[in-house]
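Participant: After the sequence you'll find the predicted model.
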Amino acid sequence: MQRPLYGPLQWGAEIAGLIILLSLLSYIALQWGDLPEKIPTHYNFSGQADAWGSKSALLYLPGGALFTWIVLTVVSFFPSLWNYPVKVTPANAQFLYLCSLNLLVLLKLELLILFSSIIYFAINEQNLPVWLTPIALAVIFASVLFPIWRMYRLGKYV
């Protein structure tokens, strides 16, 4: 079975992700000359900066975002190699592949938004909002667990 075709949800998330990624890289490039020599490089759970480093350390975040985007994009082309919570059969394969594709596309978008938020606050030398970490974790876990639950629940009946 081959990878399902992209629908409006997948295309919208991919385009939004590319716009965020390009905006992130552009923002860093435009702000680079004005950045202080020391910027926050780590935040604790309450959003307080607890480690500082040179501004070149800021390049790890967009590098990580780009790497994550590339890896998840490449992985999305091989749905038959993924693990599923139910046995893949010819009857349910398309449903399972579409659920997992949705998971990957939305996860990429969410991670890009999270990376961009952290970079924005680091560049502006601000603490992270206290709500950012729990909300980000809740959204990411929900967007991973819901499709898995859906595959498990409906995948055996499709």
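Facilitator: Received it, and whenever you're ready, just let me know what you need.
Participant: Can you point out the buried residues in the helix or strand hosting residue 146?
Facilitator: Using DSSP states H and E, residue 146 maps to helix 132-154. By neighbour count on 16 or more other Cβ atoms under 10 Å, the buried set for helix 132-154 is 132, 133, 136, 143, 147, 150, 151. Just so you know, the C-beta spots here come from the backbone N, C-alpha and C atoms, and that holds for glycine as well.
Participant: Specify the local secondary structure of the residue lying closest to residue 112 once chain neighbours are set aside.
Facilitator: Distances taken as Cβ to Cβ, 6 or more residues apart in numbering place residue 20 nearest to residue 112, at 4.6 Å, with adjacent residues excluded. Secondary structure, DSSP: H, G, I helix; E, B strand; the rest coil: residue 20 is helix.
Participant: And for residue 20, the neighbour number?
Facilitator: Neighbour count for residue 20, taken as other Cβ atoms under 10 Å: 19.
Participant: ok now stretch 35-55, how far from the chain's centre?
Facilitator: Taking Cα atoms, centre = their mean, to the nearest Å, one finds stretch 35-55 lying 21 Å from the centre of the chain it belongs to.
Participant: Can you pull out the residues in contact with that stretch?
Facilitator: Stretch 35-55 is contacted from outside by 32, 57-58, 118, 121-123, 125, 127-130, 132-133, using Cβ atoms under 8 Å, 6 or more residues apart in numbering.
Participant: And stretch 13-21, by the same measure?
Facilitator: With Cβ under 8 Å, 6+ apart as the test, stretch 13-21 has contacts from 6, 65, 66, 69, 105, 106, 108, 109, 112, 113, 116.
Participant: Which of the helices or strands spans the second one?
Facilitator: The reference is to residue 65. Here residue 65, judged by DSSP H and E, is contained in helix 60-75.
Participant: One more: the fifth one?
Facilitator: Of the helices and strands defined by DSSP H and E, residue 105 is found in helix 93-123.
Participant: So for that helix, what gets flagged as buried?
Facilitator: In helix 93-123, counting by 16+ other Cβ under 10 Å, buried: 93, 95-116, 118-119, 121-123.
Participant: which strands and helices sit next to that helix?
Facilitator: Judged by 3 or more Cβ pairs under 8 Å, 6 or more residues apart in numbering; DSSP states H and E, the packing partners of helix 93-123 are helix 8-31, strand 38-43, helix 60-75, helix 132-154.
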